[in-house]
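K.L.:
I would like to see how this sequence folds:
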Amino acid sequence: MLWEKLGQQVRDRRAELGLTQAEVAERGGPSVETLRALENNRSKRLSPRVRRALERVLQWETGSIDAVLDGGAPTLARPRPVVAAADRFAMARQVLDWRADVIRQTHGMQPRAREGLLAGVTRSARQAEDAIIKLLPWLDDDERGEAIELLGELRAPV
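P.N.:
Got it, this is the predicted structure:
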């Protein structure tokens, strides 16, 4: 009975947000097949990772699915402040500026020092990539285009 309640809660919240099952999957939630099975009371199991992903897409607090399965109700996540696109990508731009500075300054350096600096830049570039990838589902088309350009620059060989 509680899994049926969860399926109904998920369906209602998805409708409230105006999302199709495919859009939930595109935003990092479970696959359409998994979501369809859940909403039609044909699923009695979700991994912790899938639960958290679905909660994130439905804008529920972590643990909301467990709460519904325990007889309670989901809790809406607190709204996140809207951040301008320029601020969203600030870390990536800083890493790219830092990489350009390091490349300009490393010509006369000892090889070990140069390798150490470039390894640090590469680690920072990967962290910036990860942050952008996590943002992709929530970006509009213009921001997504900017994000893809930055990902290309961050992945360029040093």
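
K.L.:
How about the host helix or strand of R112, which residues are buried there?
P.N.:
Taking DSSP states H and E as the criterion, R112 maps to helix 111-135. Buried residues in helix 111-135, counted by 16 or more other C-beta atoms under 10 Å: R114, L117, L118, V121, S124, A125, A128, E129, I132, L135. C-beta here means a position set from N, CA and C on the backbone, and glycine is covered the same way.

K.L.:
so what does that helix touch, helix or strand wise?
P.N.:
The contact analysis (3 or more C-beta pairs under 8 Å, 6 or more residues apart in numbering; DSSP states H and E) places helix 111-135 against helix 90-105, helix 141-155.

K.L.:
would TSV of these with mean pLDDT and distance to L46 be doable?
P.N.:
TSV is the format used below for the helices and strands packed on helix 111-135 (pLDDT from 0 to 100; distance: least, C-beta to C-beta, whole Å):
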stretch	mean pLDDT	distance to L46
helix 90-105	86	32
helix 141-155	90	28
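
K.L.:
Can I get the ones you listed in a markdown table including mean neighbour count and distance to A37?
P.N.:
Below are the helices and strands packed on helix 111-135 laid out as a markdown table (neighbours: other C-beta atoms under 10 Å; distance: least, C-beta to C-beta, whole Å):
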| stretch | mean neighbour count | distance to A37 |
| --- | --- | --- |
| helix 90-105 | 15 | 38 |
| helix 141-155 | 14 | 30 |
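
K.L.:
Tell me which of those helices sits nearest to E55.
P.N.:
helix 141-155 (23.3 Å; C-beta to C-beta).

K.L.:
Looking at the helices and strands packed on helix 111-135, which is nearest to A22?
P.N.:
helix 141-155 (17.1 Å).

K.L.:
which strands and helices sit next to the closest one?
P.N.:
helix 85-88, helix 90-105, helix 111-135.

K.L.:
got the domain boundaries for the chain?
P.N.:
What automatic domain parsing lists as the domains of the chain is 2-69, 85-155.

K.L.:
Tabulate these (CSV), appending distance to R78.
P.N.:
Below are the domains of the chain laid out as CSV (distance: least, C-beta to C-beta, whole Å):
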stretch, distance to R78
domain 2-69, 8
domain 85-155, 16
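
K.L.:
which one of these lies closest to A77?
P.N.:
Of the domains of the chain, nearest to A77 by C-beta to C-beta is domain 2-69, at 4.8 Å.

K.L.:
Show me what the mean pLDDT comes to for the closest one.
P.N.:
Computed over domain 2-69, the mean pLDDT rounds to 93.
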